[in-house]
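**Q** here is my input; please provide its structure:
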Amino acid sequence: MPDSLIFTVSSESSGERIDKFISNRAERFSRSAAAKIIEEGGVSVNGSTVSKNYKCRENDKITMLVPQAKPLEAKPQNIPVEIVYEDKDLLVVNKPKGMVVHPAAGNYEGTLVNALLYHCGDSLSGINGVIRPGIVHRIDKDTSGLLIVAKNDTAHLSLAKQIKEHSFHRAYECVVHGNIVEDNGTVNQPIGRHPKDRKKMAVIYKNSKNAVTHYEVLNRFGNFTHLRCTLETGRTHQIRVHMAYIGHPVAGDAVYGPKKVQKGISGQCLHAKHIGFVHPVTGKWLEFESPLPEYFTNFLKKLGSGE
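**A** Numbering: from 1, shown residues only. Next up is the predicted model:
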């Protein structure tokens, strides 16, 4: 018998489309995946099935039958991917904004893993299974920039250990809302799953992990600030959560930012610009920089012109 998820609609969610409501509360399901389950009759409201464009009402009881998981194996796809560095043990890629890192519900194809399988064939580490081969760490779909991929398990274990021990260097650039007065600062606040919205992370003191983000002001544009952020830890959505926590959410961030999303940018203005690590086999320190992509520089130009 399939598992089920049960939700009660609060007054804040009244009027929200049911597919959006479900995807916001069940982290495993994208909005399109939720819509598919609704269309197949897997969702009921107060005991009756509804269409995907049903508008939720306060105190609605929503029950969703969770479909049985199907075995999924990532397939190679001939998708262009920018490779910054490659040797027999690892590669460093420059992920474009909008590309998902690995297959998941609602995103089975067109991911970075699909592209890597085509490029590398069988030479990717298998530690994270058939869905995430070679993936040592992730960056969000709408975050661009540098990512390391392991070609074998030895490289994977070494890189994962460096991340855990905080010897792995990662620096990002972002544009945030508001004028940050201090030239630099540190956010040292734990991050865990949001208690009410399981798709989001939050600064929370129960069931959380320590998280440290250092930031430095690169430029100020009145209502926006251009920052360089250096991570000590690598929690999910760390920069986005920490910046929102101090009252300066990342521009374009539809999840942690203002409800009215900033015009001129789609998705968070956040780029993984720098990465540094010890090569798992040679022991040599390697560093790589990625230039700011066009979407980022265009947004800076727009801010600089006062538009």
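
**Q** use CA for all of it now, contacts and neighbours both
**A** Fine.

**Q** distance check, the residue sitting nearest the centre point of the chain against residue 99.
**A** Central residue of the chain (C-alpha atoms, centre = their mean): residue 140, 2.3 Å from the mean position. For residue 140, the distance to residue 99 (C-alpha to C-alpha, to the nearest Å) stands at 8 Å.

**Q** quick one on the thing from earlier: ok, the residue nearest to the centre of the chain - contacts?
**A** The contact partners of residue 140, taken as C-alpha atoms under 8 Å, 6 or more residues apart in numbering, are 100-101, 237.

**Q** per-residue confidence at it?
**A** For residue 140, the model assigns a pLDDT of 88.

**Q** tell me where the protein has helices.
**A** 18-25, 31-39, 112-120, 153-164, 238-245, 294-304 (DSSP state H).

**Q** in TSV, list the ones you listed along with mean neighbour count.
**A** Listed next are the helices of the chain as TSV, based on neighbours: other C-alpha atoms under 10 Å:
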stretch	mean neighbour count
helix 18-25	22
helix 31-39	19
helix 112-120	21
helix 153-164	18
helix 238-245	22
helix 294-304	15
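
**Q** what's the closest of those to residue 256?
**A** Shortest distance between residue 256 and those, using C-alpha to C-alpha, is found for helix 238-245: 6.2 Å.

**Q** any idea of the mean pLDDT in that closest one?
**A** Averaging pLDDT along helix 238-245 gives 97.

**Q** can you tell me how far the residue nearest to the centre of the chain is from residue 119?
**A** In terms of C-alpha to C-alpha, residue 140 sits 22 Å off from residue 119.

**Q** residue 283 and residue 58: what is the separation?
**A** On the measure of C-alpha to C-alpha, residue 283 and residue 58 end up 59 Å apart.

**Q** so between those two, which is more surrounded?
**A** residue 58 (13 against 9; other C-alpha atoms under 10 Å).

**Q** how near is the more buried one to residue 64?
**A** Taking C-alpha to C-alpha, one finds residue 58 at 17 Å from residue 64.

**Q** what do you get for residue 209?
**A** 30 Å.

**Q** kindly report the same for residue 7.
**A** For residue 7, the distance to residue 64 (C-alpha to C-alpha) stands at 9 Å.

**Q** out of these two, which sits in the busier spot?
**A** residue 64 (21 against 16).

**Q** any idea what sits nearest the more buried one, other than its immediate chain neighbours?
**A** Nearest non-adjacent residue to residue 64, counting by C-alpha to C-alpha, 6 or more residues apart in numbering: residue 43, 4.4 Å away.

**Q** distance check, the one you found against residue 11.
**A** From residue 43 across to residue 11, the span is 20 Å (C-alpha to C-alpha).

**Q** look at the two and report which has more neighbours.
**A** Taking neighbours as other C-alpha under 10 Å, residue 43 and residue 11 compare with residue 43 leading, 29 against 11.

**Q** show me what the worst-scoring helix or strand of the chain on mean pLDDT is in contact with.
**A** In the chain, no helix or strand scores lower on mean pLDDT, DSSP states H and E than helix 112-120, which sits at a mean of 83. By C-alpha under 8 Å, 6+ apart, the list of residues contacting helix 112-120 from outside reads 74-81, 95, 99-103, 124, 131-133.

**Q** residue 209: what's it in contact with?
**A** Going by C-alpha under 8 Å, 6+ apart, residue 209 touches 190-192, 235.

**Q** tell me the one of these nearest residue 170?
**A** When the contacts of residue 209 are compared against residue 170 (criterion: C-alpha to C-alpha), the nearest one is residue 235, at 12.2 Å.
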